[in-house]
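Enquirer: Let me see the structure of the following:
(2 chains)
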Amino acid sequence: MVHKVGELPTEPGGGQYHFPLMAYDHRSIETGWQKRWEEQGLYRSRVDWEKPKHYAVTMLPYPSGDLHIGHWYAMTPSDARARFMRMRGFNVLFPMGFDSFGLPAENAAVQRGVHPAKWTYENIDRMRGQLRSMGAMFDWEREIVSCEPGYYGWTEEIFRRMFEEGVAYRGEAMVNWSPALNTVLANEQVIDGKDERLGQPVIQKMMSQWFFAITKYADELLSYHGTDWPEPIKAMQNNWIGRSEGAFVDFTVEEGDAAGEKVRVFTTRPDTLWGATFMVVAPEHPLVDRLTTDDHRDAVTAYTDASSKRTELERTADDKEKTGVFTGGYATNPVDGEPVPVWVADYVLVSYGTGAIMAVPAHDGRDFAFARKFGLTITPVIHPAGEEPLDEPTMTDAYVGSGVMVNSGPIDGIEVTDAKGRANPAIAAALDWLDANDAGEETVNYRLRDWLISRQRYWGTPIPMIHRADGTVEPTADADMPVVLPEDVVFSGRSPLGELPEFLNTVDSDGNPATRETDTMDTFLCSNWYFFRYLSPNYAEGPFDPEEAAYWLPVDSYTGGAEHAVMHLLYARFFNKVIRDMGFFEETHQIMSAHGRDPGNDLDEPFKMVRNQGQILGEERIGDRVVVDGEMDGNRFVATSMKVDPAAQVGDGAIVGELMRRKERAMQVFDGTEMINVEVPEGALVDIPAIPGDNDIHQLKHHLEIERMSKSRGNVVNPDDLVELYGADTVRTYLMFAFEWTKGGPWNSKGIMGSQRFIDDVWKIGTVDYEAQNSSADADATLLRRCHQAIDRVQNGMESFKFNTSVAALMELRNSMTVVARDGSVSIEAWNEAVSIMLRLLAPIAPHITEQLWTDRGHDGSVHVAQWPQFDPALAAEDTITMVLQVNGKVRDRLDVPAQITETDAEELALASERIQEFIGDKTVRKVISRPPKLVNIVAN
RNA sequence: GCCCGGGUGGCGGAAUGGCAGACGCGGCGGAUUCAAAAUCCGCUGUCCGAAAGGGCGUGUGGGUUCGAAUCCCACUCCGGGCACCA
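Expert: Model prediction:
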C-alpha cells in the first residue's frame, strides 16, 4: 500500500499535492513506540502533591485466554480519556491487572489436566502482550494479579478483621446450591433460579456457610453521596437492596401447642390490617409444626415435604395457581381481636420478611387468588375513590387503588393514597395506632440478603479460619498468615483441599488438633478492593500504602460493563465501607490532612464517577435468500409463509429476495429492485432449514438477530487480526467513533475503512511538504478558527464520554486541512500551528501516529506529555454567521450577517428581504422575534 | 405487575428549545487504470416539479411555545433490571 507521489487532480482548488512516498506503515511505527515508551517509563505515575491527581480505572479482565474486541471497546476510550486528562495537567494513574481466580481455570484443569496456575499464568502472559499492542498508558509497575499470595493474603487479612468485627460470620441458612458447579452461590449469582455462569438449575439447601453482613450497610448503600453514577445502575442497586417501609405486627396463637406465642408478620400496608382475614406462613416457618392441629397434620406434612423437594425454579415456574393447606390453627388479629385461620403456602417465602404474612384478600392480588381458591373470607376496607363501595361477592380482583378507609375502626374515613410508607395518610394513621396500642412496631425491611461468600472450590482465596475440635471456629494465627493455596493437588471436579492432609490438619490456638477451612472465597472478593492494591502492589505492611492512598484515592473515573451493577459494583461499595469502619483509612486521613487535603466524605465511596460502555455484538446476518407468499396490505406485505432457501428462484413465491434486516415489526426483503416490508404474523408458516424442528416468527427473528459474539456462532472479531491489518491507532479510532459508547452495537467490518482513511489522511497532513501558494491573513484566521472549534468539541466529547463526537470533530478538521494542503491557502506558520494542534488533539485517541509525527516535525519530548491546546473562544468565534429568516416558524431565507449584529439591525434586514416580503404578502406582521445572530422569526397572519 | 433506559435516512449516529440528518459507512455518477484495488471529484431523507422552488418529515395522538427531535400528557413498540418481596 504505497501511495504515488502525486500530481493529483488540481481542480477545483488549483494547488498541487506534494505527498511523500511512504504511506503510514503502522507495523514499524506502533510496536517501536510501544517499546520506547516502556523503556522511557513514560507512563509511570508518581505521587506529586504539587499536581492535581486523576485516578482512572477500567475494570480488570479475567485472563480467559485471548483479549477480545469487547476488552478493546471498554479499555480504549478509558485509556484515551486518561491520556486526555494527563495532557490537561492532571497527574494520572491508569493501572491494569488480572482478576485471576475463578472457575474456568479449574475447569481447564479437570478437562485438560493443566494446573490452574499454569493455565492462568500462560493466559496472563498472552493477554499482557495483547494489551501492550493496544498502546494504552497502563502503568505496568502497578500491575496486580489476584491469584498471587502477595495479593490474596491481604484479602485473607481483611477477612480475619471482618470476623473479629462480626461482619464475617458463619451461619446456617437456606442457600443456593449448584449441582452443576459443585458449590454454593450468592443470591446475586442466581438468575431466574439458574446460576449466572452455566444457566443450570440451582437448588435450595440448608447449609452452614460463611457470610458477610452486607445487610448492615443496606441503608448506607442506598445513598450515593458525592458520586456521579449512571442513574440506571443506581436504580438497579436500589431495586436489589429493595428497601420497604412498613411494620411488624404480632398475631397471637389462640390454642394448641403454640398457644400464646406470637407469629410476627411484616407488612407494608398496616392500614389494611382490619381486612386481614387469614394468615399464611411459609412451609419452612419454624412454627408450622406447633400450629398444626392433629386432624390437619397429615396434609400439612405432605405439603411441606413436597415443597421442600421443589427447586426455586419449580416454585416460581408454575406460578399462577396458588397451592396451600390449612394448619387447623388460629391466631388473633391484634387490631380487632378476631381469630383468623393460619394457612401454609409456598407463595410466602421464608427468606423475606418474617416468613409469615397477614393476608388481606380484598386488597392484595395474591391473597385474593388464594382466598377465592380456598373459599376464605374477603373483607374490603377501602372504599374506592369516586366509586360504589366494594361488594365482596362480585369482586373479581383485589382492589389496590386509592380511596377512603372503611370497616377499620379507629382509622375509618382516613384517605388512602398511592403513596408508600408514612407519606400515605392511612398508613401513617395505622402506624400511629399500632404504636399507641403496642400492637406492632414500625420497621424497614430489605430484600437484600447477607452475602454468601464461601465456595466449595479450589482456585480461590483460602478462608483463613480453623475448625476446632469443639465445633467452634477461630482465625488462623498470625504466624501462619497468609494461608497459601497448596499447588500440589489432584483435580476431580471437587475441591481437592479437603483431601490434602498437610493442608487440612493443623492445630488451634490451644495446641489441639484442628482442621483448616477448606472452602475458598467467592472470586468477587478479589475485585472488591484491587483498586486499592494498585496503589502499592508490593506493600508489605498492609493492603495499601497510606502515603499513596492519601494522594490517589478515591477512584475518579471507573469504567466497565453494566452487567456488574448488582454484583461487583455493589460488593465493592460495601467492602469500601467495611474497610473504612475497621479503621484502615485512619493513617490515610492523617496524611491527607497533613497535605492540606480535607478528607471529608471522600473515602466513603470507592468510585466517584462510574460510566458503563455498551457491548459490541456480532455483525448482522443479512443476505439470506427467502421465498415469501402472502398478499399486499397497504404498503406492507403480509406473509402466510416464509422460507429461507439459498437456491430460491424467481417464481418460487410471491416475493423472492434477500432478507435484509429486521425492523420493529417487519422483515425487509430486497427483491433486486426494491425493499419490501414483510410482516410475518404469529401463525405464518416459517421454515429455516438451519434451525431444526418447527420454526416460527420468533426463530426467524432470532436467526437474523445480531448476537453476542461467541466462538460457536462463528462471529468473533479478533482484535489481533485487526491490529495486524489496520494498526492499533485505526482500531482505537474506529472503536471510539463507530458507536455511542454507552450503547455499543453490531460490528461493521466495512465501517473501519473510514477510520483507516482518516489515519492515512492524518499521516499525509503530518508529512506533506507544505507550500503556501496564495495565502492570506483571512485564511490563516479561518484555519485557526477551525482548530479552536475542534479543541472545544474534542474536549467536550472526551469529558462527557461522547467519544464519537470527538472523533467527528477531528475528521472535520482533517477535511478542512486537506483542502488547505491542496490549495496552499495559509501561511507556513499557520499550517504548522494547525498541525501541532491537530496532533495534540488526536494524541489520546491515536497515540502512535501522533507521537511519530510530533517527533518527525521537530517537537521536543513526547506528544503525550505536551500541553493540551488552550481553547480560546474568541479565536473560535465566527465573524459572519448565516442568519435564518423565518415566517411563522418556517425557514424562508438565509443571510450572512456579522456575528455582532444587533436585534434591531437583524429585524430590519429580515423585513427588507424580498423573499420574506413575498411570504408575508398581504398578511399583517403581528410580532417579530429577533435572536441575533442566529435567527429572526416573523409572525404574520 | 413494578422500576429504569430508549425509538431520528439503507446503517452507525449528530443536533437538549432556534437551519433536523454534522461526521462516518453504504449507494449512485464521474476521474485515474488494460482491469481491479487504492486514491481523487460530485450527488445521496422523502414526495411534487424540467428547473426555480414548494409540500411532508425525528414511533403514534394531543398540548405548551413566535418556534419542539428536544419540554408536558396519553398511548405504543424495543431493550434492560426486579418479581408470589407481603
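Enquirer: Identify the residue of chain A closest to RNA strand B, quick one.
Expert: Residue nearest to RNA strand B within chain A: A:Gly754 (2.6 Å; C-beta to the nearest atom of the strand). Where C-beta positions appear, they are placed from N, C-alpha and C, glycine not excepted.
Enquirer: now could you export just the CA positions of the helix or strand hosting that residue as PDB?
Expert: According to DSSP states H and E, A:Gly754 maps onto helix A:752-767. Provided in PDB are the C-alpha atoms of helix A:752-767 (Å, rounded to 0.1, in the frame of the first residue of the first chain):
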ATOM      1  CA  ILE A 752     -13.400   0.600   9.900                       C
ATOM      2  CA  MET A 753     -12.300   1.700   6.500                       C
ATOM      3  CA  GLY A 754     -13.400   5.200   7.300                       C
ATOM      4  CA  SER A 755     -11.100   5.300  10.300                       C
ATOM      5  CA  GLN A 756      -8.300   3.900   8.200                       C
ATOM      6  CA  ARG A 757      -8.800   6.700   5.600                       C
ATOM      7  CA  PHE A 758      -8.700   9.200   8.400                       C
ATOM      8  CA  ILE A 759      -5.500   7.900   9.900                       C
ATOM      9  CA  ASP A 760      -3.900   7.800   6.400                       C
ATOM     10  CA  ASP A 761      -5.000  11.400   5.900                       C
ATOM     11  CA  VAL A 762      -3.500  12.400   9.200                       C
ATOM     12  CA  TRP A 763      -0.300  10.900   8.000                       C
ATOM     13  CA  LYS A 764      -0.500  12.900   4.800                       C
ATOM     14  CA  ILE A 765      -1.200  16.100   6.600                       C
ATOM     15  CA  GLY A 766       1.600  15.500   9.000                       C
ATOM     16  CA  THR A 767       4.200  14.600   6.400                       C
END
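Enquirer: what stretches of the stretch 451-600 of chain A score poorly on pLDDT?
Expert: A:493 (pLDDT under 70).
Enquirer: What segments of it are strands?
Expert: Assigned strands in the stretch 451-600 of chain A, in chain order: A:451-452, A:454-455, A:465-468, A:473-475, A:505-507, A:513-516, A:520-521, A:557-561 (criterion: DSSP state E, counting those that start in this stretch).
Enquirer: Walk me through which strands the fifth one pairs with, and which way each runs.
Expert: By that I understand strand A:505-507. strand A:513-516 (antiparallel) (DSSP bridges).
Enquirer: Geometrically speaking, which residue is the centre of chain A?
Expert: A:Ala562 (0.9 Å; C-alpha atoms, centre = their mean).
Enquirer: right, and that one touches A:Ile233 too?
Expert: Yes: with contact defined as C-beta atoms under 8 Å, A:Ala562 counts as touching A:Ile233 (6.4 Å).
Enquirer: Report the set of residues contacting both of these two.
Expert: A:Asn612 (C-beta atoms under 8 Å, 6 or more residues apart in numbering).
Enquirer: so what secondary structure elements neighbour the helix holding A:Gly754?
Expert: helix A:719-726, helix A:728-737, helix A:803-823, helix A:828-842, helix A:847-856 (3 or more C-beta pairs under 8 Å, 6 or more residues apart in numbering; DSSP states H and E).
Enquirer: could these go into TSV alongside mean pLDDT and mean neighbour count?
Expert: Below are the helices and strands packed on helix A:752-767 laid out as TSV (pLDDT from 0 to 100; neighbours: other C-beta atoms under 10 Å):
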stretch	mean pLDDT	mean neighbour count
helix A:719-726	93	16
helix A:728-737	96	27
helix A:803-823	95	20
helix A:828-842	97	21
helix A:847-856	97	22
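Enquirer: Output these in a markdown table; the columns should cover distance to RNA strand B.
Expert: Listed next are these as a markdown table, based on distance: least, C-beta to the nearest atom of the strand, whole Å:
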| stretch | distance to RNA strand B |
| --- | --- |
| helix A:719-726 | 12 |
| helix A:728-737 | 7 |
| helix A:803-823 | 3 |
| helix A:828-842 | 13 |
| helix A:847-856 | 15 |
